[in-house]
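1. Got a predicted structure here, sequence first:
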Amino acid sequence: MSKKLFIETLGCAMNSRDSEHMIAQLREKEGYETTTELKEADLILINTCSVREKPVAKLFSELGVFNKRKKEGAKIGVCGCTASHLGEEIIKRAPYVNFVLGARNVSKIGEVLHKNKAVEVDINYDESEFAFDDFRTSPYKAYINISIGCDKSCTFCIVPKTRGDEISIPDELIIGEAKKAVDKGAKEVFLLGQNVNNYGRRFSSSEHEKVNFTELLRRLSKIEGLERIRFTSPHPFHMDDEFIEEFASNPKICKSMHMPLQSGSTKVLQEMKRGYSKEWFLNRVEKLRAEAPGVSISTDIIVAFPGESDEDFEDTLDVMRKVEFDQIFSFKYSPRPETEAEHFTNIVDPEVASDRLSYLQALNTEILDKKNAEQMGKTFTVYFEDLNADGFVSGRTDNNFVVKVKGSEELLGQFRDVKITKIGRTILTGELLV
Ligand code: SAH
Ligand code: F3S
């Protein structure tokens, strides 16, 4: 009988892909199968996120629960970004944890598993050419890493400390991965990196051809049978004209762009060391909309960064009103260890921070309701990926609306035209046209 693995993944798409990599290793080399039942697991993994403080606090309470409920003899491993930044301290605080494996070390899962109390958290470890075995959660869409780590030093962000310096994965490996996924039936690839449009600045060896992100997109789009290319996250600073023009004119690139704004105030952006101004951001949106009408734009916003005044916050609202983002991930600033902003003293009053977040989210809802209502009666091509329990099948439009229709599994993996008949806040309902 195979051994059972229970894995919980928190945080971003990079973490989801890291979990797929670990599952692949454990299946191929160690004979594990995944389970959703904690009690039957022989190995329990938590793939953690440390971008904000809340998930870290949650980790220790969750570990306690897992330890109480686990089957006798089951091992517990803590992986990912919190593993990277807390390292040994995790085993000190939760001595029943068997090993700690950093976000930059997931390829070592097979090793740490057999060592007692191993802590592998080296952020200089080079995994950029690691040949992972195959495991993908979805047969329709393949997540593919194109770079590891991050070379920026945004003053609020812990990621460069948990994932290390940025190294790009050679383009022939990425193209090989994409071809393999397409051969197995995927029609969409989702490229992943902390800073995808900085791709190509540094490879692990100088022998690799210096291909930039725009060129990588061109090369990938030549793969026959690959219909859609998505990526996350590009950085507004690196959105040059060449990149925007390729994005707009290449029919395989989905017209959905994530543009993490963080703040609309040039002063705050400087304090954050983001490398662009409010005007540059708005200029890039204007160029994008001119080249690719109908493009959807999503963003990340942090409110109440140290020193954010009412006027600075007003600048963020101003950008929101001008751009009318299609999706916003908004957060209250959370001080993180080993970041520059951790030492900033001009903290915003917590009550003011909460009020700003609520105000911003209410404005976002208003904008979304208006934009979603405009979709009524329109026709979109939807790539169906998920079977829902309620007799519906859902998928995404090229510009990233989630759409569901009544149907069954034969729609999965298919592109079909759908007319929108009902509007919801996060999901649109439609009818198949043919
Ligand atoms: N390069 C990645 C960023 C990863 S962090 C990307 O562009 O997706 C994801 C988001 O978390 C950031 O864009 C930011 O909005 C938010 N975030 C990061 N550090 C934070 C902090 N200290 N407090 C609040 N939000 C933070
Ligand atoms: Fe973080 Fe800025 Fe990199 S938000 S992941 S340091 S681009």
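-> Cool, the structure landed. Small disclaimer: the values here were computed from a predicted structure and weren't measured. Ligands and ions are numbered 1, 2, ... in the order given.
2. hang on, residue 46 in a strand?
-> Yes. The assignment for residue 46 is a strand, going by DSSP: H, G, I helix; E, B strand; the rest coil.
3. Now do the same contact list for it.
-> 7-8, 10, 59, 62-63, 66, 76-80 (CB atoms under 8 Å, 6 or more residues apart in numbering). Every C-beta, even on glycine, is put in place using the N, C-alpha and C of the backbone.
4. What about those, which one has the most neighbours?
-> The residue in the contacts of residue 46 with the most neighbours, by other CB atoms under 10 Å, is residue 80 (33 neighbours).
5. thought that one was touching residue 103?
-> Yes. Under the criterion of CB atoms under 8 Å, residue 80 makes contact with residue 103 at 5.0 Å.
6. overlap in contacts of these two?
-> Residues touching both residue 80 and residue 103 (CB under 8 Å, 6+ apart): 15, 18, 162.
7. Keep only those of these that are in helices.
-> Cross-referencing the shared contacts of residue 80 and residue 103 against helices under DSSP state H gives 15, 18, 162.
8. can you tell if stretch 294-308 touches ligand 1?
-> Yes. Residues of stretch 294-308 contacting ligand 1 under CB under 6 Å from any ligand atom: 300, 302.
9. so, in contact with ligand 2 or not, that stretch?
-> No. Using CB under 6 Å from any ligand atom, stretch 294-308 never reaches ligand 2; the gap is at least 8.2 Å.
10. Could you pull out the buried residues of that stretch?
-> With burial defined by 16 or more other CB atoms under 10 Å, the residues of stretch 294-308 counted as buried are 295-299, 301-308.
11. and residue 29, that's in a helix?
-> Yes. Using three-state DSSP, the assignment for residue 29 is a helix.
12. so how many other residues sit close to the residue nearest to it when sequence neighbours are not counted?
-> Excluding the flanking residues, the one nearest residue 29 by CB to CB, 6 or more residues apart in numbering is residue 110, at 5.1 Å. Residues near residue 110, counting by other CB under 10 Å, number 13.
13. for residue 136, same thing?
-> For residue 136, the count of nearby residues is 18 (other CB under 10 Å).
14. any idea of the mean pLDDT in the helix or strand in which the residue nearest to residue 29 is found?
-> Using DSSP states H and E, residue 110 sits within helix 109-112. The pLDDT scores in helix 109-112 average 95.
15. now swap in stretch 337-353 and tell me
-> 97.
16. do stretch 229-247 as well
-> On average, stretch 229-247 scores 97.
17. Quick check: end-to-end length of that stretch?
-> 10 Å (CA to CA, to the nearest Å).
18. now swap in stretch 8-15 and tell me
-> The first-to-last residue distance of stretch 8-15 comes to 10 Å (CA to CA).
19. List the buried residues for it?
-> Quick answer for stretch 8-15 (16+ other CB under 10 Å): 9-15.
20. Show me which residues of the stretch 151-300 of the chain are close to ligand 1?
-> Neighbours of ligand 1 within the stretch 151-300 of the chain, by CB under 6 Å from any ligand atom: 156-157, 159, 194-195, 233, 260, 262, 300.
21. The same query, at a cut-off of 8 Å, please.
-> Within the stretch 151-300 of the chain, the positions adjacent to ligand 1 are 152, 154, 156-159, 194-195, 232-235, 258, 260, 262, 300 by CB under 8 Å from any ligand atom.
22. Show the buried residues in those.
-> When these are checked for burial by 16+ other CB under 10 Å, the buried set is 152, 154, 156-159, 194-195, 232-235, 258, 260, 262.
23. Take those residues and keep only those in helices.
-> residue 159.
24. Please list which of the buried ones among the residues of the stretch 151-300 of the chain next to ligand 1 also come close to ligand 2.
-> Near ligand 2, by the rule CB under 8 Å from any ligand atom, you find 152, 154, 156-159, 194-195, 233, 235, 260, 262 out of these.
25. ok, those residues vs residue 86, which is closest?
-> residue 158 (11.1 Å; CB to CB).
26. For that closest one, which residues are in contact?
-> Residue 158 makes contacts with 50-51, 81, 85, 336-339, as judged by CB under 8 Å, 6+ apart.
27. Now do the helices for the chain: every range, in order, please.
-> Under the criterion DSSP H, the chain contains helices at 13-30, 53-69, 81-86, 88-93, 109-112, 159-163, 171-183, 213-221, 241-249, 266-272, 278-291, 310-323, 350-373.
28. Let me have the contacts of residue 46 in a markdown table, extended by distance to ligand 2.
-> Converted to a markdown table, those look like this (distance: CB to the nearest ligand atom, whole Å):
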| residue | distance to ligand 2 |
| --- | --- |
| 7 | 23 |
| 8 | 22 |
| 10 | 16 |
| 59 | 20 |
| 62 | 24 |
| 63 | 26 |
| 66 | 28 |
| 76 | 28 |
| 77 | 24 |
| 78 | 21 |
| 79 | 18 |
| 80 | 14 |
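29. Just name the closest of those to residue 410, please.
-> Nearest to residue 410, judged by CB to CB, of those is residue 7 at 30.1 Å.
30. how much space between the nearest residue to that closest one once chain neighbours are set aside and ligand 1?
-> Leaving aside its sequence neighbours, residue 7 sits nearest to residue 45 (CB to CB, 6+ apart; 4.5 Å). As defined by CB to the nearest ligand atom, to the nearest Å, residue 45 lies at a distance of 22 Å from ligand 1.
31. All further residue positions should be reported with the first residue as 533.
-> Sure, I'll start numbering at 533, so the last one becomes residue 577.
32. Can you name the residues bridging to residue 577?
-> In this entry, residue 577 is beta-bridged to residue 539, residue 609, by DSSP bridges.
33. quick one, what contacts residue 600?
-> Counting by CB under 8 Å, 6+ apart, residue 600 makes contact with nothing.
34. Any buried residues in stretch 746-755, and which?
-> Quick answer for stretch 746-755 (16+ other CB under 10 Å): 746-749, 752-753, 755.
35. whoops, I mixed them up, stretch 853-865
-> For stretch 853-865, burial by neighbour count (16+ other CB under 10 Å) applies to 855, 857-860, 862-865.
36. How far does that stretch stretch from one end to the other?
-> In stretch 853-865, first residue to last residue: 21 Å (CA to CA).
37. chain center to that stretch, what's the gap?
-> With CA atoms, centre = their mean, to the nearest Å as the basis, stretch 853-865 stands 16 Å off its chain's centre.
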